[in-house]
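*Asks:* got a predicted model here, sequence first, then my questions.
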Amino acid sequence: MTRLNSKGFTLVELLVVIAILAILIGLMLPAIQVVREAARRSQCSNQLRQVGVASHTYHDNQKKLPPSCHKVSSGDGSGQAEDKLQPIGYSWMVDILPFMEESALYDQFDAKQGSPDDASSDEEVREGISRRMKGFICPSSSHQPSGLMDSDDENKQGITNYVTMGATHAESLELSVEQNAKGCKYDTTATKPDGAIYPGSKTTLEGIKDGTANTIYTCETTDEYRRWAVGADASVVALPTSKSGAAKEISFINKGEGQNFKYAAITGWEIGKFNDETTIKKDNRLSYLSWKYDDTEWSSSNGYVDVVSQKADGNITKEPSEASDQVRKGVSSYHNGVIVHGLCDASVTNISTETDPQIYMFMTTANAGDPSEKPE
């Protein structure tokens with residue numbers, strides 16, 4: 001009697017096949033993640049492009065771009081000193097809703113005279129600002145997946161990852177807030193912020209003298225507390241200054257005079273002088289593109305606080321615990337190595353987190369007469 005030989009796999013062979021398959025899957029997963037992230041970044045770019053197109057349509061109708069925040073009266077109309085126009089109104093995103101097929105939502109607000117504070121007494125406003133707007137949220141966002149800032153149904157508000165670029169520095173942006181401000185640290189002649197869009201702005205496309213294709217309009221942020229309907233949350237600045245932590249200052253060389261000035265976003269500054277001739281150490285040449293938010297916390301009274309330096313001095317003894325004390329992230333992204341930006345011509349570009357802060361400053365200013373391209 002002849003015994004038939006078995007043709008099946010041995011246990012060792014089976015284990016080898018399983019190991020090979022596991023290795024192949026392990027090699028494929030990172031590639032799959034890269035492809036998925038590329039698709040999400042592409043969708044994010046498309047969303048910012050739609051925002052830009054809607055803003056241009058708003059411009060066609062209103063003959064100006066929307067302000068980052070509407071200014072409304074903070075007084076009671078009695079003519080007293082407290083009756084001042086303050087940037088406490090709705091955001092630019094509310095303005096462009098009709099041009100993003102959201103006219104019904106827009107009609108729930110009084111965009112020019114009202115305020116998000118009306119939500120405390122107006123149920124229709126409360127419902128409107130709690131709307132989750134998919135087109136205002138980066139697809140790569142890992143925080144607040146619901147798109148809402150608060151889980152409490154009474155107080156929830158829709159969040160956004162997209163904000164306007166208001167100015168190069170906080171000192172400049174404050175020119176749209178303070179009543180008697182006549183300048184800022186880097187330009188004593190300035191009377192308004194140097195970015196394209198800021199609280200109360202009436203910027204026209206023709207008025208952007210540096211060129212709409214050279215000027216930043218919008219950018220991303222990973223701050224999970226930015227509310228799309230609230231003007232106060234709708235704008236960021238490009239560069240940290242002394243108000244933003246321990247000596248994080250930017251200095252440039254004036255070609256004509258050969259002198260050092262801080263925060264010089266004015267005509268006459270030449271690319272190529274920053275790296276070679278500045279007196280500021282390389283470690284202090286920072287933009288929010290590469291800001292280490294893990295080392296920074298937000299204080300409503302002090303702005304950005306450098307946690308590392310403050311802890312070393314003994315000024316901070318514990319970690320921030322409440323939402324109002326958390327980091328208010330500026331320009332930042334969930335995409336690896338780049339941050340998607342919308343330009344004033346409605347185009348979209350990816351800006352590297354390693355971009356020279358001087359170049360980024362030039363891209364932020366709207367009418368400084370400075371260059372915008374990198375030197376060869």
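*Replies:* Arrived safely, thanks for sending.
*Asks:* quick one: the helices in this protein?
*Replies:* For the chain, applying DSSP state H gives helices covering 11-62, 92-95, 103-106, 123-129, 170-173, 273-277, 307-312, 357-364.
*Asks:* quick one, which of those gets closest to Val163.
*Replies:* Nearest of these to Val163, taken as CB to CB: helix 92-95 at 9.2 Å. Every C-beta, even on glycine, is put in place using the N, C-alpha and C of the backbone.
*Asks:* helices or strands up against that closest one?
*Replies:* Identification of packing neighbours for helix 92-95 by 3 or more CB pairs under 8 Å, 6 or more residues apart in numbering; DSSP states H and E yields helix 11-62.
*Asks:* now with 10 Å?
*Replies:* helix 11-62, helix 103-106, strand 162-167, strand 216-220 (3 or more CB pairs under 10 Å, 6 or more residues apart in numbering; DSSP states H and E).
*Asks:* can you redo these as TSV with mean neighbour count, distance to Leu205 and mean pLDDT?
*Replies:* As requested, the helices and strands packed on helix 92-95 are exported to TSV (neighbours: other CB atoms under 10 Å; distance: least, CB to CB, whole Å; pLDDT from 0 to 100):
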stretch	mean neighbour count	distance to Leu205	mean pLDDT
helix 11-62	14	6	87
helix 103-106	14	22	93
strand 162-167	28	15	92
strand 216-220	26	10	96
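*Asks:* circling back to that earlier point, out of the helices of the chain, which gets nearest to Ala238?
*Replies:* Closest to Ala238 of these is helix 357-364 (CB to CB; 4.3 Å).
*Asks:* where does the prediction get shaky in the stretch 151-300 of the chain?
*Replies:* When residues are selected by pLDDT under 70, those of the stretch 151-300 of the chain lie in 151-154, 177-189, 241-286, 294-300.
*Asks:* cutoff 80 now
*Replies:* 151-155, 169-172, 174-191, 224-225, 240-287, 290-300 (pLDDT under 80).
*Asks:* which parts of it are strands?
*Replies:* Ranges of strands within the stretch 151-300 of the chain are 162-167, 216-220, 235-237, 251-253, 260-262, 296-299, based on DSSP state E, counting those that start in this stretch.
*Asks:* for Thr365, give me the pLDDT.
*Replies:* As predicted, Thr365 sits at a pLDDT of 87.
*Asks:* what about it, how many residues nearby?
*Replies:* Thr365: 28 surrounding residues under other CB atoms under 10 Å.
*Asks:* now Ala196
*Replies:* Ala196: 28 surrounding residues under other CB under 10 Å.
*Asks:* so who does the closest residue to it other than its chain neighbours touch?
*Replies:* Nearest residue to Ala196 in three dimensions, chain neighbours excluded: Ala366, at 4.4 Å (CB to CB, 6 or more residues apart in numbering). For Ala366, the contacting residues are 165, 167, 193-198, 201, 203, 207-212, 214-217, 344, by CB atoms under 10 Å, 6 or more residues apart in numbering.
*Asks:* pull out the buried members of those residues.
*Replies:* With burial judged by 16 or more other CB atoms under 10 Å, the buried subset of the contacts of Ala366 is 165, 167, 193-198, 201, 203, 208, 210, 212, 214-217, 344.
*Asks:* tell me who's in contact with Val236.
*Replies:* Residues near Val236 by CB under 10 Å, 6+ apart: 68, 163-167, 170, 173, 195, 218-221, 223, 226, 288, 328-332.
*Asks:* what sits against Asp233?
*Replies:* Taking CB under 10 Å, 6+ apart, we find Asp233 in contact with 68-69, 91, 93, 116, 149, 157, 159-160, 163, 221, 223, 225-227, 328.
*Asks:* no no, Arg41
*Replies:* 138-140, 333-336, 338, 340, 350 are the contacts of Arg41 under CB under 10 Å, 6+ apart.
*Asks:* what comes up buried for stretch 125-135?
*Replies:* Residues 125-126, 128-131, 133, 135 are the ones in stretch 125-135 that count as buried (16+ other CB under 10 Å).
*Asks:* quick check: the nearest residue to Cys69 once chain neighbours are set aside vs Leu105, distance?
*Replies:* Closest residue to Cys69 in three dimensions, ignoring its sequence neighbours and counting by CB to CB, 6+ apart: Gly231, at 2.6 Å. Using CB to CB, to the nearest Å, Gly231 is found at 16 Å from Leu105.
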